[in-house]
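Enquirer: Build the 3D model from these lines:
(2 chains)
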Amino acid sequence: SQQGEEDPQALSIQEGENATMNCSYKTSINNLQWYRQNSGRGLVHLILIRSNEREKHSGRLRVTLDTSKKSSSLLITASRAADTASYFCATDAGGAQKLVFGQGTRLTINP
Amino acid sequence: NAGVTQTPKFQVLKTGQSMTLQCAQDMNHNSMYWYRQDPGMGLRLIYYSASEGTTDKGEVPNGYNVSRLNKREFSLRLESAAPSQTSVYFCASILGQGVAETQYFGPGTRLLVL
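Expert: Here you go, the predicted structure:
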């Protein structure tokens, strides 16, 4: 079963705008990761946030984690056409050696 | 470094045929994973290998077998392909054995079973 559920399933914005994607999960976790997948390619790791962290930044990416609400958000600021991709959250809810992925948010940046 | 490589890139099979998907990594990683990705379903874990010589089932292991040939290589075998196995298959690896680490993914193998 899918542990993480991303919201929205699809998002289309204009270049330069900010994009926010959300991920909810059901059970306690130790860490949560975000990955990007360009069309026809493998997944690329973006950022990992641990359960004792509330916010983390990496370049134009900002990730928050609210363990009380069992949710995380990924914010991409000043979006670019190259940010067009699917974004997945993944948690360690499957156990210490297994990641469980959500269904993804498909982000389209319009020029 | 090539990272994680997968062969073939694309394959068409007839129902009942068998095939092996190959995966290799040159990063000296300990753990390797096989996932399948279906439209709108995200990635689902088929099998994983936490270290050379060990393999364990994931969420959807039925119809598949794996072999951790050595530290570098982890193959996935379909003994008798079924149309339900039409999917994109991804191999991934991590340095350690816990998932509080970055997973590195291969480019995927697109499999069509007729």
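
Enquirer: Contacts only, for A:Asp83.
Expert: A:Asp83 sits next to A:Ala19, A:Ile76, A:Leu107, A:Ile109 when contact means Cβ atoms under 8 Å, 6 or more residues apart in numbering or on different chains. To be clear about C-beta, it is placed using only N, CA and C from the backbone, and glycine gets the same treatment.

Enquirer: how close does B:Leu76 sit to A:Leu107?
Expert: Distance, B:Leu76 to A:Leu107, using Cβ to Cβ, to the nearest Å: 30 Å.

Enquirer: Same check on A:Ser79?
Expert: 8 Å.

Enquirer: Find the residues that touch each one of the two.
Expert: Counting by Cβ under 8 Å, 6+ apart, the contacts common to A:Ser79 and A:Leu107 are A:Ile13, A:Ala19.

Enquirer: Quick check: pLDDT value at the closest residue to chain A within chain B.
Expert: Residue of chain B nearest chain A, by Cβ to the nearest Cβ: B:Phe105 (3.5 Å). pLDDT for B:Phe105: 95.

Enquirer: tally of neighbours for the nearest residue to B:Leu69 once chain neighbours are set aside?
Expert: Computed as Cβ to Cβ, 6 or more residues apart in numbering or on different chains, the closest residue to B:Leu69 that is not its neighbour in sequence is B:Ser75, at 6.4 Å. B:Ser75 sits with 17 neighbouring residues when counted by other Cβ atoms under 10 Å in any protein chain shown.

Enquirer: And the strand or helix carrying B:Ser75, what's buried?
Expert: Here B:Ser75, judged by DSSP states H and E, is contained in strand B:74-78. For strand B:74-78, a neighbour-count test (16 or more other Cβ atoms under 10 Å in any protein chain shown) marks B:Phe74, B:Ser75, B:Leu76, B:Leu78 as buried.

Enquirer: from those, which single one is nearest A:His45?
Expert: B:Phe74 (18.9 Å; Cβ to Cβ).

Enquirer: what residues are up against the residue nearest to the closest one when sequence neighbours are not counted?
Expert: Of all residues not flanking B:Phe74 in the chain, B:Met32 sits nearest, at 4.0 Å (Cβ to Cβ, 6+ apart). Listed by Cβ under 8 Å, 6+ apart, the contact partners of B:Met32 are B:Cys23, B:Gln25, B:Tyr48, B:Ser49, B:Arg68, B:Phe74, B:Cys91, B:Ala92, B:Ser93.

Enquirer: let's see it at 6 Å
Expert: Residues near B:Met32 by Cβ atoms under 6 Å, 6 or more residues apart in numbering or on different chains: B:Ser49, B:Phe74, B:Ser93.

Enquirer: what do you get for A:Thr67?
Expert: Applying Cβ under 6 Å, 6+ apart, the residues near A:Thr67 are A:Ser51.

Enquirer: Count the residues that sit near residue 64.
Expert: Picking chain A for this. 16.

Enquirer: Chain B, not that one
Expert: B:Tyr64 has 19 nearby residues by other Cβ under 10 Å.

Enquirer: In which helix or strand does the residue nearest to it when sequence neighbours are not counted reside?
Expert: What sits nearest to B:Tyr64 in space, not counting adjacent residues and going by Cβ to Cβ, 6+ apart, is B:Ile46, at 5.4 Å. Assessed by DSSP H and E, B:Ile46 sits inside strand B:43-49.

Enquirer: Right, I'll call it a day here.
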